[in-house]
Structures are given as structure tokens and as C-alpha cells.
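Undergrad: I would like the atomic coordinates for the input below:
(2 chains)
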Protein chains: 2
Amino acid sequence: MAYVVDTSKSKDAKLKPISLKSVKLTDNFWSKRIETMGEVTLPLQYEIIEETGRINNFRIASGKMKGDFVGFFFNDSDVYKWIEAVSFYLAINKDEKLEKLVDDVIEEIRLAQDEDGYIDTYFTFERKQDRWTNLKDMHELYCAGHLIQGAIAHHRATGKTNFLNVAIKLADYLNRLFGPGRREGTCGHPEIEMALVELYRETSDKKYLNLAKFFIDERGKGIIGGSSYHIDHKPFRELDEVVGHAVRALYLNCGATDLYMETGEKALLDALERLWDNLVTKKMYVTGGAGARKEGEAFGDNYELPNETAYAETCASIANLMWNYRMLLALGEGRFADIVELCLYNGILSGISLDGKEYFYVNPLADRGNHRRQRWFACACCPPNIARTITSIPGYMYSTSNEGVWVHLYASSVVEVDVNGSRVKIEESTNYPWDGLIEFKILGNARFKLFLRKPDWAKEYSVTVSGEKIQPVLENGYIVIDREWHNEDTVKLELSMKPEFLESHPSVKANIGRIAIRRGPIIYCLEAVDNPWGDVWDLEISKDVELEEEYRDILGGVVIVKGKGYLNSPNNWSKLYLPIKEASSIKREVDFIAIPYYAWANRESGPMEVWIKKT
Amino acid sequence: MAYVVDTSKSKDAKLKPISLKSVKLTDNFWSKRIETMGEVTLPLQYEIIEETGRINNFRIASGKMKGDFVGFFFNDSDVYKWIEAVSFYLAINKDEKLEKLVDDVIEEIRLAQDEDGYIDTYFTFERKQDRWTNLKDMHELYCAGHLIQGAIAHHRATGKTNFLNVAIKLADYLNRLFGPGRREGTCGHPEIEMALVELYRETSDKKYLNLAKFFIDERGKGIIGGSSYHIDHKPFRELDEVVGHAVRALYLNCGATDLYMETGEKALLDALERLWDNLVTKKMYVTGGAGARKEGEAFGDNYELPNETAYAETCASIANLMWNYRMLLALGEGRFADIVELCLYNGILSGISLDGKEYFYVNPLADRGNHRRQRWFACACCPPNIARTITSIPGYMYSTSNEGVWVHLYASSVVEVDVNGSRVKIEESTNYPWDGLIEFKILGNARFKLFLRKPDWAKEYSVTVSGEKIQPVLENGYIVIDREWHNEDTVKLELSMKPEFLESHPSVKANIGRIAIRRGPIIYCLEAVDNPWGDVWDLEISKDVELEEEYRDILGGVVIVKGKGYLNSPNNWSKLYLPIKEASSIKREVDFIAIPYYAWANRESGPMEVWIKKT
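TA: Model (predicted):
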């Protein structure tokens, strides 16, 4: 089954996944983007990984080609993530060309693997002697983790074992090398943990689970230096604040959540809950972005969330989604699905251009117009990461549990599920994320609970079942409809999706006196091109202003939010301080237009901001 | 005549000063503070300058005492400023004890002066050889400047020449040493310039004026290192931004303004106007404070005006007053008197405790309760500086010109002036700064224009002359009443003094979303002790709230401003972001009380802030 994360046999996961192959998107939002992946992004990424020597590194390692390793020492991982992205795509879409391409690349990888299972094209020839000498910095286990994830996705999507065999050979090698009584250590960049748990799920071989646990348990002993940057400052179970390199911290949380779902260890869950609370109530951007600081690509202090200098790496938003999706599988609570959705529509989606050809590594929430997406990066973790995320989206939408069927993310689609022994088909129709009306048609007969996520942003909502309005029962962020379903029963969920202003916790200094616009799951921003009356940074909006919405055929089709504000241009101020009345008199009323944050920087450049001054 | 700055013969000064001896304060505000100077502050400062070895340094230099120099190398200047402060006090008040004390100290100084005129107690004995070897850092000319200023004030107040002779001997020595064709150089800390111009005014000896000009002309040649910290990065006439050490920069502007008043050199005035514009529209705190940065005690960039970390040294506010008073004398425009008043009631007055015993060196506009006044400082420039400022206040209140009598600062007082050959007495009655009603009675008969300052903060005002309302003629910030005055004519000026909110220029990042309270010349702040409902930093105020005022017998008698606000406590926020409606619901309405900024930190400690969050 083409699961993204396979918790089907995980004893401490509340939710079971649905295969990518069981979901068919029929919507306008995500299916269009996945199509772009197959037609534009994935072929283009292949060209670039060839062009930049990333595949040649394997050819050189296998001896097929002469030369030396090119690029960053962790460049192998980009190839693995690209295979994973293509695999998710192939799980749903037939594309012989891409399938062939992937198999060819896998063959290059296979040839580059050593007899003992080792593979890392940087540590070849004269650098062979340096293998495993610097776990803290050199990402060998990180690259291994991505290989394993790519191989599992490929196996699940295609049924082929050509890459999975490479992964198993590598994992067995790692298990001979590391573990209790064997070699000590863990990777400076977490990733291997979740990969090994998934390999355990794929193979049912417990040694991979044990090795994942070992790598988590090794942290905080100072073996890799003891820094918070590497999340080695404390044992995992004692953590209470997300610190250090944001992607590393969140990938580690993914692995720990995966481990929890297999072991049910309470100390792990307690730490994860503390970390989640810290992230979500003190360190997360309103877009789902994580990591305030460029220095160390790191989390800042509590409430340190600058806008213009926000780091909010695309990979960190992805890691935030990955972790929250795992927490959702573990506990089945809407608060995690809320973050999955928030990241997806905002902090992640901003990472790629509408045409699928360019990327943001950093996602600031305010900019003067200089920050533009790029075709690639020397450190190219983000492009294949966003590709594997978008191609796997159908896998995040639904789950099942012993009780019934869960809908986490809304989009027009058809899903087939096995629930309580019955095969049921559900047709979902909606114009989400632009409209809050979501309709379901149940095809089949079965008794089960239907769990419909009630997003935290939806303060008002109503539910109709086969034409009759019901009093919704809300449990942990899900509307629960428990009944004997009959063929062609319908459910109509209406989520109020009015644009509204958000205010920040008063300790977020960067947002004092500022408000942001949200409509449904979408965070908005002001961009210069829509607001030619002046500098959008000079706009002030009254929190009492009426916000209007309008569908526009720009940026791939979006609902814009508009209203009246005041242009408070510094140029009109002759003095440094003015009585409020005089200050108001030099402000000019203007009509502003806000667009979804994810769509910014796709047209001509200019100032942008999410948190707007409050008048 | 006991002038503070003697422009009576300055050809390019629009205004002529009035002797301190001609003004008798009868008010409750300043006379009380001047009384405290004589009874508490000046005797206490004497004790401390004795106790800290500052006078012993002179005794050691003269050979009366054995030992080595103690303290900072510029400590002599504190003694000179103390003499200046006492002198201004003695000009108005009879105090034999203080007069004797000053004469004794002057005698110690006189004995410490070398035969050639040199005096600086640091550069004695083995350090004699280092004299004039480091003009950039070692403050020899700075100390000389304060000696000269102290000596002039002493001579004008008492008629005695014991200190003036020391000053002339020193100045003559300096003139033999420095000047065109002689030694090059200028002081790293400006001060000597304005002192030498004043000595020229006192003695009519033009060589002192020439030497002052020389020291100004020497800047910007890199002789003392070329740094902006020393205002040596450009020739003075090319300056267009106040940069570097704030006190140095503003003292230099004082000297340049003094030089302009004697020479009328347009290039000097042009530079001064550029610097003034830059200071007042881009770099000045709402309290009149100057210098945003602790590092280098320096001006920041344009609009860099942080509140909690504001430096705003008391001496810099004093320097701001000194410079603006000189600009006022030169040009006779209200915009300069506005800044004099602003500094006096806010950024300067905050520098001293209500009991006259403790001082702020740094004057932040927001604090958590840790910043408290101190009895003294190792670098004790501020305490005697604030003393000489407060004792000289009556000298700033009035001026004359060929056209008539000018009133710059309002306080109940009686002044006697010579105007157009007639002796006129004016009685002023007011409860300023708490009330905007100011009444004048003219005693005598004369034709002259009465210039009454119309403060920039007073948007509404009315004038009645001998019971008849007149249509005021406004010229450069002054209401001009031109008439033949008859004995017992009265003038009633009413300035509207309602509390109001101020907003900052939008480029001042620290104040985005914040408002400050002003009432008349007074800037207000919130202090914890008056607002026990929570942390004043968590208060939000609507700009539309009604502000009420009330006289209270606290803090020496003040008008407080009160109103309703909202306590937005971080503790009530469980989430990081909330819709405006929910955010509002967790805010609690509270009654706040604001007190004059100058009076803060005189009761129990706690958070304080000037710029309050706007709801």
C-alpha cells in the first residue's frame, strides 16, 4: 500500500493511513499543483541534479566515471528526496518516462553502494578513511535516512524492490556498526530515526526500530558535542523547548513520534507534548514557519519572531507538517491537523513558484522586494523536499481508525476505504480553500463514525446529513457523525470563512501594533503590485474596517481580501512627533488588496508584508 | 551683569539677555527647585567632590598635599561646573557659606595653576611631560573650557576676579600655544569653543574669539583621528547630520552658534540649521533627550530611537537646551524655545531626584524597574551639569531686543528690563506648567513690542490686553503685541493645555503601534506604583479614549492624566495568534494614571513606559 507514513500496524497510533492510490483528487487547487510536479518540477529537478553533478557523484563512486565528488557533502540526499517525490507521484499517476528515469537513477545508486552496504558518494577514494569520523557534521546517517525513505516510497508506489534492497543492505550495515554494545554515536542532523522506524514498518524487522531508538537515546550525552544546535544538549526525554537548528529539531521530533507510535513510551510523548506546546504557543510564525534566525538556521527565544529577517526555511515548515502529521496519527486530535493545514497552505506553499520552477529557501513575512525565488541552491534541501511534500498530499487527507473514517484536509476528491470490514467510497466536493462549503456523498452501506475536522479558524459551522441539519458533536477538533450509513447518504459541512484580523501574543515584539489577515486556512499579505498607491509598509488598517473578499483570476485563481486603509507615508511627516489629530490628517485613505501569502513574489517585485500596522 | 550667555553686544544675535539678578521667580515649580539646589544639592555636591578627591587633586597639584591624582583624568571639570552652578545661585540668592566655600575652592585652583597658566591636575609631576600629547582623548581643553565658564559665571555673579584671573591666565597660555601658525589641534571633547567666545564677550579681547574659531576650524582635518565620535570626520561647515558622541556634538554646536553670533558667518548658520533639522526631525526623543546608543554615548541612525535602551544622557539633554537657547538668541524663533522648554521639563529634569540628592546619567523612556537614580558617578559630568542648569533657569526666561521684550518660558516672576531707554517692570503670574493661563502686569510706561512665546504644543490660545480680547499676531512662534504700554496694563495669555496623544513618525520602529501622552510642556509616563492592576507595559490605550486631568499632591504636586485602558496580559494568552475579537475578550478594562516623566523613579520601583501600546 502506498502509505506516506504506515501506521497500519502501529500499536500506539490512533489513526491508520490511507494509501495514496486510494485517493483521487478532483479539485482545482492541489491536483493542479501535483500535475505541475509531474510535468514541470520533477523533470526539471532531474535536469538540475544531473547538471550539478549530483548523479555523477554516484557514477564516480561506482567507477563508471572518472572525476572527483562535486558539491556539498550531503548532496546525495537531494537525489534520494527527488526519488521519493517521483515515487509519490507515480503512486497515483502513470508516467513511464519518470518511472524509467527513477529506475535509471536507482541503478546508479545501486552500483555506487559498497559490498558491505555503505553508501555515501562523498566518502569515496581518499576520503574513505574518514567515514564515520565526524558524525556531528558530516551527515552520513542523514543521507542514509533519506535513501531509506526514498526506497520505501519507491517500493510502496511501484512494488519494485530495486531501491528497497539497497536501503536494506545499507540499514543492515548500519545496524552492524551502530547500536548498544557496538559503536556509539548519532547524527548531527536527525533524519535516520524516522527512516528506520518506517523501514521497520515496511519489513517488520524489529532491529531497525531498535536502531532508531538507539540513535534517539544517544542524544544529550555529548557524544556529538553537546550543542543545542545539534539537539545534543539534553536527552530527548528531558527536552522542553524547541531550540537549535529548526529542521534538525523537527525531524528529530518526527522520529521520536514514530518511535512513540511503535512503543507507546510515555516519556517520549510527554517530551513531544512539551515541545509541541513550546513551538505552537511561542515559536511558530503565523504561516506555520519555524526558525526565527538565519544564524544557525535556528529557533530564536520564545516570542522572537521577526518578520523581515524571519528565516522560516521551507524545509522547516515541511518538517513542522511532517511532525504534526505524525502527532495526528498518534493522537487523532485536530490541533495537529490544524498545523498540517497551516503549513501546507502558507509556509510550505510559499516555498515554490506558481509555475513550479523556482524556490524560496527562506520565507520572510515582510520584504522590501529583494527576496525572490531561485531556480536552485548550492544547499538544495528545499526544492526536492517541497516536491515530495506536494506529491504526497493526497496521503495526508484521510485516515481511518477502528471507529471510522477521518477527514483532515478538505479538497474535492474520491476516496475508497475499508472500514469495519466494509469497502466504502466517499465523494467529496468543495471549492476549498476558497469556500467553506464541503459536501460528501457516501457510496456503500456501513456503520462507522465520520470524523470531519473542525478547523480552529472556523468559529461558526453547521452540518447537514442527507438534508437534515444536525447538532454537531465535537471531539478533539473533529465533528463526529456516528450512524449507519446508507448508499448515497450526503453530508454537508459549512465552515464560516470570513476574512478576519489576527493579533499576536503581546510578547511578540515584532508584531506590536500590527494585525494580520486570515481567511479560512489562508494567511494573506500585501504586495506592492496590487497596491500602487504607495509603499505597502506604510499602510495602516483599522481593526474595525470591513474586509471584503473577491475571487480573482490571478495567481492561478485566488480569493483576494480588500478594504480601506490609510497610507501613512513617512514623507508626509515633517516632524518627528505629532498629536494624533494632526497625524491622522496627513494620512490618506486608500483601497488595499491582500493576496494569499503563498502567492507572493510571483509577479513584479516590491515591498510585501503580512503583519500590517494598526491605525 | 549676571548673564548666562552674554549676547548684549553680539552683532548677529537677535536677542539680548537679561541678567539673572533682574528676574525674581515667585513660582512654585522652579523656585522650589532652585531653593533645593542651595539648601541640598550644592552643599551635598561639595561634600562629594571633596570626599572623592576632586578638590584634593588641586591641593596635590599645588604641593599643599602629598599624594597622587585620584579618579578620571577629567575630574577637574566637575569642580568647575559646581562653581558655575553655585555662581548662578549666588547671582540671585545671598548665601555667605556657599560664597565662602566657592572662594576657598577657587583658591585651591589658583594655587594649582602653573606659572605659565597651565592647569590640569591630572597632568602634574611625572605626567607633566604628557601635556598636550593626546588632544583626542585627554580632555585638557575641555577642562579648560569648564574652568573659563565657571570663572565667568563667578565674576558675573559676585563681581570678584579671583577666578576670572585664573581663567584669563589659562586662556592667554592657550592662545600662546595654539592658533594659526602656532600649534595645530582641537579637543576630542568640544567645550572650549563656547567658553572662549564667552570670555571674548566678558573681556572684549578678540584673541579669544579667534582662538574659538581656530578650534572649530581645526575639526575635520583628521588631526585628532578623523572619527565621527569626536566630530572630526568632516569640517564643521560641511556637517549635515548629528552623529557621534551626543554631548560632544551638541557642545560643538553651542560653540559654533556662539561664533556665528559674533561673526554672522552664513556657512556656520547653514550647517547649524542642517544639524538642527536632523536632530529635531530624526534623532530626538520626545523628552528632548539625545543620543540613542550607549555604545559611544552616541546618536544612532535617523529614526533610531529605542525606548528601553535609550541612552539620552542627562548631559545631552542639557547640551540640547544650551544649543537651542543659543539658536534662540541668534534668531529669535519659537522653535528653539520649544526645545529649550521640552528639555527642561522632561529630559533634563528627569536627571535629578525630587529631593535633589540623586541623579540619572541615562534616561530611558521605558524600564522594568531596575534603573534608579544614584548619589554620584565615577564619571560625574551629569550632577554638576544639572545643578548649573537649574540655577541658571531664570536667565533663560526673558530676553530683550531692539523691538521689545520677549518671554520664552513661563513662570510666576517679576522681571525688570531696560527697553528703548525705559525701565519697565513686568509681573508675571501663572500656575504653569500645570495651567495654561498666564497673566502679565506691566509696571511703567513705554512703547515696545511684547513677544509672548506661543508653544508649538498649544494649538488653541487667546490673548486679552487690559481686558480686551485681541486678534493675536503670530511671528516665528511668538505672539507679538505692539503698543504704547501704560502703567498697570495687563495681558492675559491663555494656552489650551488639554492632555493629548502623540504619535511618532512612522519610521521610528520602536514606536510603531504606540502613543505617548503630552499635556502642555510635560511628557507623561506610566509608572507601576500608580497602576497596581498589572504590568504597565501590558497596557493598551485606545487613541479615542477620553483623557482626564487632576491635580494631585504627590511628587511635589503634579497634574496627573488618567483614563481607561485595557490590560493585555501575556499570561492570559494561551495561543500565539488570535482573531481580534477573541484577543479583545481577554483584555481587561482598567483605569490608568500617568505622571510627568520627569518625576518617575522617585517612589517604589517598577516598570515604567512613555510610549504606550495602542489598542
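Undergrad: since we're on the spatially closest residue to A:Lys282 that is not a sequence neighbour, how many residues are nearby?
TA: Nearest non-adjacent residue to A:Lys282, counting by Cβ to Cβ, 6 or more residues apart in numbering or on different chains: A:Asn302, 4.1 Å away. C-beta here means a position set from N, CA and C on the backbone, and glycine is covered the same way. When neighbours are defined as other Cβ atoms under 10 Å in any protein chain shown, A:Asn302 has 16 of them.
Undergrad: thought A:Asn302 was touching A:Met284?
TA: No. The criterion here is Cβ atoms under 8 Å, and A:Asn302 misses it with A:Met284 at 11.1 Å.
Undergrad: where does chain A dip in pLDDT?
TA: Within chain A, not a single segment meets pLDDT under 70.
Undergrad: up against chain B, what does it have?
TA: Listed as neighbours of chain B in chain A under the rule Cβ under 8 Å from any Cβ of the partner chain: A:280-282, A:284, A:286, A:457, A:459, A:500-508, A:512-516, A:518, A:538, A:543, A:568-570, A:573-581, A:583, A:613-614.
Undergrad: now list the buried members of those.
TA: Among these, those classed as buried by 16 or more other Cβ atoms under 10 Å in any protein chain shown are A:280-282, A:284, A:286, A:457, A:500-508, A:512-516, A:518, A:538, A:568-569, A:573, A:576-579, A:583, A:613-614.
Undergrad: narrow these to those in helices?
TA: Secondary structure defined by DSSP state H assigns A:Ala583 of those to helices.
Undergrad: how far does the host helix or strand of A:Gly150 sit from its chain's centre?
TA: Element membership of A:Gly150 [criterion: DSSP states H and E] is helix A:140-158. Relative to its parent chain, helix A:140-158 has a centroid offset of 17 Å by Cα atoms, centre = their mean, to the nearest Å.
Undergrad: what is that helix packed up against?
TA: With contacts taken as 3 or more Cβ pairs under 8 Å, 6 or more residues apart in numbering or on different chains; DSSP states H and E, helix A:140-158 sits against helix A:76-92, helix A:96-112, helix A:162-177, helix A:192-203.
Undergrad: where do the strands of the stretch 251-400 of chain A begin and end?
TA: Applying DSSP state E, counting those that start in this stretch to the stretch 251-400 of chain A gives strands spanning A:366-367, A:398-400.
Undergrad: swap in the stretch 451-600 of chain A?
TA: Secondary structure of the stretch 451-600 of chain A by DSSP E, counting those that start in this stretch: the strands cover A:461-465, A:468-470, A:473-475, A:478-485, A:489-495, A:500-504, A:514-519, A:522-527, A:539-541, A:548-552, A:558-567, A:577-579, A:588-596.
Undergrad: tell me the most buried of those strands?
TA: Sort these by mean neighbour count, taking mean count of other Cβ atoms under 10 Å in any protein chain shown, and strand A:522-527 sits at the top with a mean of 27.
Undergrad: what strands line up against that one, and which way round?
TA: strand A:514-519 (antiparallel), strand A:588-596 (antiparallel), strand A:608-609 (antiparallel) (DSSP bridges).
Undergrad: now the angle between strand A:558-567 and that strand, please.
TA: Strand A:522-527 runs at 50 degrees relative to strand A:558-567, counting by axes from the mean of the first three to the mean of the last three Cα atoms, to 10 degrees.
Undergrad: give me the residues contacting strand A:522-527.
TA: Strand A:522-527 is contacted from outside by A:286-287, A:342, A:345-346, A:365, A:433, A:499, A:516-518, A:536, A:539, A:559, A:561, A:592-598, A:600-601, A:603, A:606-610, A:612, using Cβ atoms under 8 Å, 6 or more residues apart in numbering or on different chains.
Undergrad: neighbours around A:Arg326, how many?
TA: The number of residues packed near A:Arg326 is 26, by other Cβ under 10 Å.
Undergrad: what residues does A:Glu494 make contact with?
TA: Listed by Cβ under 8 Å, 6+ apart, the contact set of A:Glu494 reads A:436-438, A:461-464.
Undergrad: again, but for A:Val105
TA: Contacts for A:Val105 (Cβ under 8 Å, 6+ apart) come out as A:46, A:55, A:58, A:79, A:82-83.
Undergrad: okay, now the domains of chain A?
TA: Per automatic domain parsing, the domain ranges recorded for chain A read A:20-399, A:404-495, A:500-614.
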